[in-house]
Each structure stands twice: as structure tokens, then as C-alpha cells.
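**Student:** please find the sequence and the predicted model below.
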Amino acid sequence: MRLSNNRQRGQGMTEYIIIVALIGVAAIATYQYFGNTVRDQTAAIAQEISGVDGSATKTASQTAAANAASEADTKHTLDNYTNNINK
């Protein structure tokens, strides 16, 4: 009985690790597409809080968001995936 209980705990932990890994991969992919947008928006907020005009950074954020949206619409295959490394 005791050995069976330990195996079930191990199975539950393994499933948990797999779920956390999948969430991590999804987060990395999302940040890859929208990372510049998030950075620019955070910078604009910080500038506005400090009293500096953040409109240029806000515009850069909007441009990055539009670029990320068009990149997300592009169908990627293994043939053209390596062309996106330098973007």
C-alpha cells in the first residue's frame, strides 16, 4: 500500500512539472513577440511618472505592437524560421 501511494505522489509531481514547463514555453513565445512592446510601455510609464514626456516612447511601443501583430500573422515554417533571428 505504501509503495503505491509514493508512486502516485511522484506521478502528480511529474504532471505538475510538465504543466509548468508548458506554461514557461508559452510565456517565452509570448515575450518573444511582444517583448519590445512591454519594455517600451513600461519605459513610457516610468517617464511619465518622473515628469518627462513619454510620448516618443509610447509611439515606439505602438509601432512595436503593430510589428508584433504582423509577425504573429505570418505563417512560420522551418524554412523561414531562421530568418527571424535578427529581428
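**Tutor:** Received it, and whenever you're ready, just let me know what you need. This structure is a prediction, so every number in the text was calculated from the model and none was measured. Numbering: from 1, shown residues only.
**Student:** and the next helix or strand past the lengthiest helix in the chain?
**Tutor:** The helix that spans the most residues within the chain, counting by DSSP state H, is helix 2-50. Reading on from helix 2-50 to the C-terminus, the next helix or strand found by DSSP states H and E is helix 55-73.
**Student:** quick one, what contacts the residue nearest the centre of the chain?
**Tutor:** What sits nearest the mean C-alpha location of the chain, by CA atoms, centre = their mean, is residue 31, with 2.1 Å. By CB atoms under 8 Å, 6 or more residues apart in numbering, the contact set of residue 31 is residue 38. Heads up, the C-betas are built off the backbone N, CA and C, glycines and all.
**Student:** for residue 28, what are its contacts?
**Tutor:** Residues near residue 28 by CB under 8 Å, 6+ apart: none.
**Student:** need the helix or strand of the chain with the lowest average pLDDT.
**Tutor:** helix 78-81 (a mean of 59; mean pLDDT, DSSP states H and E).
**Student:** how close does the residue nearest to the centre of the chain get to residue 68?
**Tutor:** 10 Å (CB to CB, to the nearest Å).
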